[in-house]
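> Sharing a model that was predicted from the sequence below.
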Amino acid sequence: MKVDKNKSENLSKATFAAGCFWGVEAAFRQVRGVVSTRVGYTGGTTEDPGYEEVCTGRTGHAEAVEILFDPALVSYEDLLSIFWKIHDPTQKNRQGPDIGTNYRSAIFTHDDRQKALAGESKNRREASGDYGSRRIVTEIVPAKTFWPAEEYHQQFFEKQGRRSCRIS
């Protein structure tokens, strides 16, 4: 998706990790107001890691999605709501069959406002009782350098003609 340079100064960035980045990206690409997405790695210590390296768990990175959005069309709070719905935030370092720190649940905040909204949102979800006695383990941490994943990972489902990881 091409971004109009005149409009780009009105756009905001959000970064989420919620398991395998393919499904997370696909969910956010459907949202009105999301201008672009890219999958990659963040939250770790290794510079410019690759997929195989991240999968070892030694880089500290999470598979994440960086979202560029128009806050006039979709709010950060709306994006947080979607984030909570598309994964199980009570699973530590995994989502379903995907296991490892690279599959952890995390919100990478880009400013103090995002940090406050993410914390409030997490507190509301925990208080909702939706997860029974299970605690939400989602990390809320400042965004670090985002390293784009290899090109074949970008918009993976669209390239494969699929909508999800599940085979029906």
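Yes, it's here.
> what kind of secondary structure is V74 in?
With DSSP: H, G, I helix; E, B strand; the rest coil as the basis, V74 sits in coil.
> how far does stretch 26-44 stretch from start to finish?
Its first and final residues considered, stretch 26-44 spans 23 Å by CA to CA, to the nearest Å.
> Can you point out the buried residues in it?
Judged by neighbour count using 16 or more other CB atoms under 10 Å, the buried positions of stretch 26-44 are 26-29, 33-35, 37-44. Placement of C-beta: from N, CA and C, glycine included.
> and that stretch, how far from the chain's centre?
Computed by CA atoms, centre = their mean, to the nearest Å, the chain-centroid distance of stretch 26-44 equals 7 Å.
> How about stretch 135-151?
Computed by CA atoms, centre = their mean, the chain-centroid distance of stretch 135-151 equals 7 Å.
> what does it contact?
13, 15, 21, 38-44, 47-51, 61, 63-64, 66, 89-92, 104-110, 115, 118-119, 122, 125-126, 154 (CB atoms under 8 Å, 6 or more residues apart in numbering).
> Of the residues you listed, select the buried ones using a ChimeraX command.
Here is the ChimeraX command that picks out the buried ones among these, judged by 16+ other CB under 10 Å:
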select :15,21,38,39,40,41,42,43,44,49,51,61,63,64,66,89,90,91,104,105,106,107,108,109,115,118,122,125,126,154
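> The contacts of stretch 135-151 in strands, which ones?
Counting by DSSP state E, the part of the contacts of stretch 135-151 found in strands is 13, 15, 38-42, 63-64, 66, 105-109.
> now, which of those residues sits nearest F83?
If you rank the ones in strands among the contacts of stretch 135-151 by distance to F83 using CB to CB, I107 comes first, at 6.9 Å.
> beta partners for that closest one?
Counting by DSSP bridges, I107 forms beta bridges with F16, I140.
> residues contacting it?
T15, F16, A17, L80, F83, Q114, A118, K122, T138, E139, I140, V141 are the contacts of I107 under CB under 8 Å, 6+ apart.
> Against G119, how distant is it?
9 Å (CB to CB, to the nearest Å).
> Any chance you could list what contacts the helix ranked longest in the chain?
Ranked by residue count under DSSP state H, the longest helix found in the chain is helix 112-127. Residues from elsewhere that reach helix 112-127, judged by CB under 8 Å, 6+ apart: 14, 76-77, 80-81, 84, 89, 107, 109, 131, 135-136, 138, 140, 142.
> thinking again about what came up before, of the contacts of I107 - the most surrounded one?
Ranked by neighbour count (other CB atoms under 10 Å), the contacts of I107 have A17 at the top, with 28 neighbours.
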